[in-house]
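Asker: Okay, structure incoming, though there's no sequence with it:
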């Protein structure tokens, strides 16, 4: 008879826990102040400069014949009525043309200057925190030991995808380490966050003078700005999936492990020796 | 008679779900309120200012003094270069100058110089000139590429002779972006000598091979190619060399810096 016991394992080191929560703070404020900055010109282009008649994404507030304001979002030639959320939303009760709504921007009302000040302070903190995390991961072995999928894991990726789709998650001994999809997601988001920093720097005319090849690498400043926005979108999607998975696989156990480091797994007895 | 409100089934039940929902809502509203009021508190203002100072120091450290902004080809020139900020000037004096093709325009150079000078547009055109096709990056996020011809600021400064105690070059402009009684809505900008003596820092009098249009700052616009568009003052009428800009405008060094934007606009 399997004798189920619960074992606490030490899953997250102090360095990982601290950098994780600083990252949460930074990414939240970077997203919200970033959307404030985006609102100053809610349109995206490809290439070196803007061609104002052909953005691939734009949000506009349009006056209708009835006098009210309609929010329109255009993506690659397709038009959507997004009144109330994108293009036009309520500002102190009044329907106002603005890209993203007040509840998701910092500051909430239109204030590009202050939005930029928030963005750059938290960009510094994010970069310092991120570098500390990357250096720790490289030298402690975290990167290879915990995040890099093994060959066996990669071969089993098909089964892992099916298991996730059926909401069948690892239990017991299997839950000691990350599964292959988890590892790829974490490595992927690290790559996205590196690109987000590089494209952010690419938008700086000062950095363009210092490192001219960087802007060419991303296909021009407006392309870099668009990639920056798309990477932010990808990060938001990652966070959504991440939070859903945290909830589905045991919210208290997961949250505790990112605070105290201890993660509970169910083991089947100790009678195998 | 007193009335009592009886809530027989009102039990404060704190299960996990309502706890989570409650704390999320509380965190959300705290964040929103906090983020709008925080920048008004002295300690957070210090944090935000420190961010700007760090950016300036870091950029000065990695950008060599002679590093050039990328230059482009004729084919890259934007057909739809956006004119932002002031696109015309109400000032009667300016209107009179414009009506006459700026023949009577004189650029004044004063302040901490050995010799105050005045230069006509003809005289400016006769000085050594530089033509550059560069990208103009607005703080709002868009970019346009244009070809600029003008005299490197260094030649103008050398003509007047800069006194050793001068630290900033201030540009006074014809346009007022904000209508004010005390004149504090008048556009002005300032740069340090890292930018003033940079080879791409020019007083442009031509754009895309034609005399500078009024919408883009006729007769003269400053180009500071390693910074954002708002540093590139249009409608320049006077250059002043100063030791400090504390007494000019609201004291932060430029029209937009007085309104919360960074004085150093390298990012």
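Answerer: Okay, I see it. This structure is a prediction, so every number in the text was calculated from the model and none was measured. Residues are numbered from 1 along each chain as shown, chains lettered A, B, ... in the order given.

Asker: ok, how many other residues are close to the residue nearest to residue B:226 when sequence neighbours are not counted?
Answerer: Take residue B:226 and drop its neighbours on the chain: the residue closest to it by Cβ to Cβ, 6 or more residues apart in numbering or on different chains is residue A:209, 4.7 Å away. Bear in mind the C-beta positions are built from the backbone N, C-alpha and C, glycine included. Residue A:209 has 24 neighbours, counted by other Cβ atoms under 10 Å in any protein chain shown.

Asker: packing partners for the strand or helix carrying residue A:209?
Answerer: Per DSSP states H and E: residue A:209 is located in helix A:205-210. Using 3 or more Cβ pairs under 8 Å, 6 or more residues apart in numbering or on different chains; DSSP states H and E, the elements in contact with helix A:205-210 are helix A:212-217, helix B:42-62.

Asker: With mean pLDDT and mean neighbour count as new columns, can those be given to me in TSV?
Answerer: TSV is the format used below for those (pLDDT from 0 to 100; neighbours: other Cβ atoms under 10 Å in any protein chain shown):
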stretch	mean pLDDT	mean neighbour count
helix A:212-217	98	15
helix B:42-62	95	14
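
Asker: Quick one: those as CSV, columns for distance to residue B:178 too.
Answerer: Listed next are the helices and strands packed on helix A:205-210 as CSV, based on distance: least, Cβ to Cβ, whole Å:
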stretch, distance to residue B:178
helix A:212-217, 34
helix B:42-62, 23
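
Asker: Just the helices from the stretch 1-150 of chain A, written as ranges.
Answerer: Under the criterion DSSP state H, counting those that start in this stretch, helices of the stretch 1-150 of chain A are mapped to A:14-39, A:112-140, A:142.

Asker: Which one of these lies nearest to residue A:169?
Answerer: helix A:14-39 (20.5 Å; Cβ to Cβ).

Asker: Just the mean pLDDT for the closest one, thanks.
Answerer: Averaged over helix A:14-39, pLDDT sits at 98.

Asker: Return the set of buried residues in it.
Answerer: Residues A:16-17, A:19, A:22-23, A:26-39 are the ones in helix A:14-39 that count as buried (16 or more other Cβ atoms under 10 Å in any protein chain shown).

Asker: Chain B: which of the helices of the stretch 1-150 of chain A is closest?
Answerer: Chain B lies closest, by Cβ to the nearest Cβ, to one member of these: helix A:112-140, at 3.5 Å.

Asker: Can you name the element that comes right after the closest one?
Answerer: Following helix A:112-140 in sequence, per DSSP H and E, is helix A:142.

Asker: Which strands or helices does that next one pack on?
Answerer: Looks like helix A:142 contacts no helix or strand (3+ Cβ pairs under 8 Å, 6+ apart).

Asker: how about a cut-off of 10 Å?
Answerer: helix A:112-140 (3 or more Cβ pairs under 10 Å, 6 or more residues apart in numbering or on different chains; DSSP states H and E).

Asker: what about the helices in the stretch 101-250 of chain B?
Answerer: For the stretch 101-250 of chain B, helices defined by DSSP H, counting those that start in this stretch occupy the ranges B:121-126, B:153-160, B:193-196.

Asker: Show me the contact partners of the first one.
Answerer: For helix B:121-126, the surrounding residues in contact (Cβ atoms under 10 Å, 6 or more residues apart in numbering or on different chains) are B:97, B:101-107, B:117, B:119-120, B:149-151, B:155-156, B:159, B:203, B:205-206, B:211-212, B:218-220.

Asker: Switch the helices of the stretch 101-250 of chain B over to JSON lines; also include mean neighbour count, mean pLDDT and distance to residue A:102.
Answerer: Shown next, in JSON lines, are the helices of the stretch 101-250 of chain B (neighbours: other Cβ atoms under 10 Å in any protein chain shown; pLDDT from 0 to 100; distance: least, Cβ to Cβ, whole Å):
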{"stretch": "helix B:121-126", "mean neighbour count": "15", "mean pLDDT": "97", "distance to residue A:102": "47"}
{"stretch": "helix B:153-160", "mean neighbour count": "18", "mean pLDDT": "98", "distance to residue A:102": "42"}
{"stretch": "helix B:193-196", "mean neighbour count": "18", "mean pLDDT": "97", "distance to residue A:102": "37"}
